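# turn this into a structure:
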Amino acid sequence: MNAKFLALTSLMAGCAVSGWSQSAMKAIPFSDDVKFLQKHTPVIVLSDAAKAAQVAVVPAYQGRVMTSTAGGSRGLSFGWVNRELIASGKFEPHINVFGGEDRFWLGPEGGQFSVFFAPGASFDLEHWFTPASIDTEPFKVVKQTRESVLFQRSLQLTNYSGTRFEVEVQREVRLLDGAKSLAALQASLEKGVKAVAYETVNTVKNAGRNAWSKETGLLSIWILGMFNAAPETTIVIPYVAGPQASLGPVVNDTYFGKVPADRLVVKDQAMFFAADANYRSKIGVSPQRAKPVLGSYDAASRVLTLVKFTLPAGNTDYVNSMWQLQDKPFGGDAVNSYNDGPSKPGAKQLGKFYELESSSPALALAAGAQATHVHQTLHLQGSEAQLDAVARQVLGVSLAEIAGALKR
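The predicted structure follows:
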């Protein structure tokens, strides 16, 4: 989420933006979210043989994973769904925040190579628009099985500098075996732990005649997940320790102004970020500092969420999305996390959600070449002892450290 955009919630107060806010909700069963979505758009539900692990995917929202569950149809629904906006049946002009725990976007958002601002436009709210091809236009289903669905889409984008991109996108959503996914993270799935794991395999091809170059601008694959916020939920981002002189800052915490100390705590190997949707804030981690995993823990529901993503070693060129002409257009973040909240006291907010995000490197693709970014999500429900073992193995911290890191 961009700081300047979020001011739209107050700038457009009194306009038709009822779908952009959502009050806190109680835990919702997966089947309830699916039934709601089916009233408004076709839904593809992937499942394992036992139908315990399930994933709901919407082709109309760019093959977006809207929500998932580890407990069957009546199990807890993990994704945040913006019911007000979806039920309205209307499209907003700047962005449509449908929700969903894995959505496909392309960066950069701001700067001289932005694909959200027209050539020569001012870097302000009035001129900021999410391209329809990654906002309101559907992806085509080309193949489907019980555990996977493959989408394709051809699209055209023009960046702020006037460079035109011909892009072919292939996106596959795959339900995974939870035990195997944990094993790949050097952890084990204990008996009695509920799990749902899936990944999106996102491939972008340069379908034009000219190579994409740093001189005229590059694109990146950007995957964002929106999850239900709660007072007891904390985001955990491990990072590469080391001197700032060689690795740069540990975290960028100034997207919306400095994040208060009781909402972001940086320790020796990991940072902890509040996910209660009560205070609008965002953080980013550079490719020099990032590790290919991050997560969150909801202590009230005992849900541990893990995200694993493609992080090519040695690649430090990531697009910069700041809303300004940039000195370092390829000095952006590999990892981001966002916590929603009012843009100012008393203002409406987008919803009760937080985000876990990953990006590919900037894509310097020759004509006909392609690149792939994989973003994997794993939700676990179990006892504190069971989840503590996984948190230690994957995130390098205990549940006690997570729960005690922030002042509540």
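# C-alpha only now, for contacts and for neighbours.
Noted.
# which one is residue 241 nearest to, not counting chain neighbours?
residue 269 (6.2 Å; CA to CA, 6 or more residues apart in numbering).
# my guess is the one you found contacts residue 238, does it?
Yes: contact criterion CA atoms under 8 Å: residue 269 and residue 238 qualify, at 5.8 Å.
# what does the host helix or strand of residue 273 contact?
Using DSSP states H and E, residue 273 sits in strand 270-274. By CA atoms under 8 Å, 6 or more residues apart in numbering, the surrounding residues in contact with strand 270-274 are 233-239, 263-266, 339, 395-397, 402, 405-406.
# just give the number of residues close to residue 332.
A total of 23 residues lie near residue 332 under the criterion other CA atoms under 10 Å.
# using the three-state scheme, assign the closest residue to it other than its chain neighbours.
Closest residue to residue 332 apart from its sequence neighbours, by CA to CA, 6+ apart: residue 320 at 4.1 Å. Following DSSP: H, G, I helix; E, B strand; the rest coil, the label given to residue 320 is coil.
# can you tell me how far residue 320 is from residue 113?
9 Å (CA to CA, to the nearest Å).
# same check, this time on residue 178
39 Å.
# of the two, which one has the most company?
residue 113 (31 against 22).
# list the contacts for that one?
159, 160, 161, 216, 217, 218, 329.
# list buried residues within those residues.
For these, a burial check counting by 16 or more other CA atoms under 10 Å picks out 159, 160, 161, 217, 218, 329.
# re the thing from before, in its sheet, which strands sit next to the strand holding residue 273, and in what direction?
strand 233-238 (antiparallel), strand 264-266 (antiparallel) (DSSP bridges).
# can you list contacts of the last one?
This means strand 264-266. Contacts for strand 264-266 (CA under 8 Å, 6+ apart): 271, 272, 273, 274, 405, 406.
# again, but for stretch 209-221
So stretch 209-221 is contacted by 104-108, 112-113, 159, 161, 163, 202, 204, 206, 318-319, 359-368, 373 (CA under 8 Å, 6+ apart).
# same thing with stretch 288-295?
235-241, 247-248, 250, 304-311, 316, 334-335, 356, 394-395.
# mark which of those are buried, thanks.
235-240, 250, 304-311, 316, 334-335, 356, 394-395.
# what is the closest residue to residue 253 other than its chain neighbours paired to in the beta sheet?
The shortest distance from residue 253 to any non-neighbouring residue, by CA to CA, 6+ apart, is to residue 283 (4.7 Å). Bridge pairing for residue 283 (DSSP bridges) gives the partners residue 337.
# so what's residue 283 up against?
So residue 283 contacts 251, 252, 253, 254, 255, 336, 337, 338 (CA under 8 Å, 6+ apart).
# redo these as a markdown table? Include neighbour count, distance to residue 89 and pLDDT.
Output for these, formatted as a markdown table (neighbours: other CA atoms under 10 Å; distance: CA to CA, whole Å; pLDDT from 0 to 100):
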| residue | neighbour count | distance to residue 89 | pLDDT |
| --- | --- | --- | --- |
| 251 | 18 | 39 | 97 |
| 252 | 16 | 37 | 92 |
| 253 | 17 | 36 | 92 |
| 254 | 13 | 35 | 84 |
| 255 | 18 | 32 | 82 |
| 336 | 23 | 30 | 96 |
| 337 | 26 | 29 | 97 |
| 338 | 27 | 26 | 96 |
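# which one of those residues is nearest residue 97?
residue 338 (13.9 Å; CA to CA).
# the closest one reaches residue 355, doesn't it?
Yes: the pair residue 338 and residue 355 qualifies as a contact (CA under 8 Å) at a distance of 4.9 Å.
# in three-state terms, label residue 57 for me.
Counting by three-state DSSP, the backbone at residue 57 sits in strand.
# apart from its neighbours in sequence, what residue is nearest it?
residue 65 (4.4 Å).
# can you say which helix or strand has that neighbour in it?
strand 64-69.
# same question for residue 392.
Here residue 392 is assigned to helix 384-394, by DSSP H and E.
# what packs against that helix?
helix 399-405 (3 or more CA pairs under 8 Å, 6 or more residues apart in numbering; DSSP states H and E).
# by contact count, what packs against the helix it packs on?
strand 233-238, helix 384-394.
# as CSV, the ones you listed with distance to residue 299 would be great.
Listed next are the helices and strands packed on helix 399-405 as CSV, based on distance: least, CA to CA, whole Å:
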stretch, distance to residue 299
strand 233-238, 6
helix 384-394, 9
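# which stretch among those comes nearest residue 39?
Nearest to residue 39, of the helices and strands packed on helix 399-405 and by CA to CA, is strand 233-238 at 30.4 Å.
# contacting residues around the closest one?
Contacts of strand 233-238 (CA under 8 Å, 6+ apart): 269-276, 290-291, 293-300, 395-396, 402-403.
# same deal with stretch 137-145?
With CA under 8 Å, 6+ apart as the criterion, stretch 137-145 contacts 59, 60, 61, 62, 63, 149, 150, 151, 152, 153.
# run the chain-centre distance for that stretch.
A distance of 21 Å separates the centroid of the chain from that of stretch 137-145, by CA atoms, centre = their mean, to the nearest Å.
# pLDDT averaged over that stretch - what is it?
Average pLDDT, stretch 137-145: 98.
# then stretch 153-168?
In this model, stretch 153-168 has a mean pLDDT of 98.
# which outside residues touch it?
Outside stretch 153-168, the residues touching it (CA under 8 Å, 6+ apart) are 111-121, 131, 133, 139-140, 152, 169-170, 204-208, 216-217.
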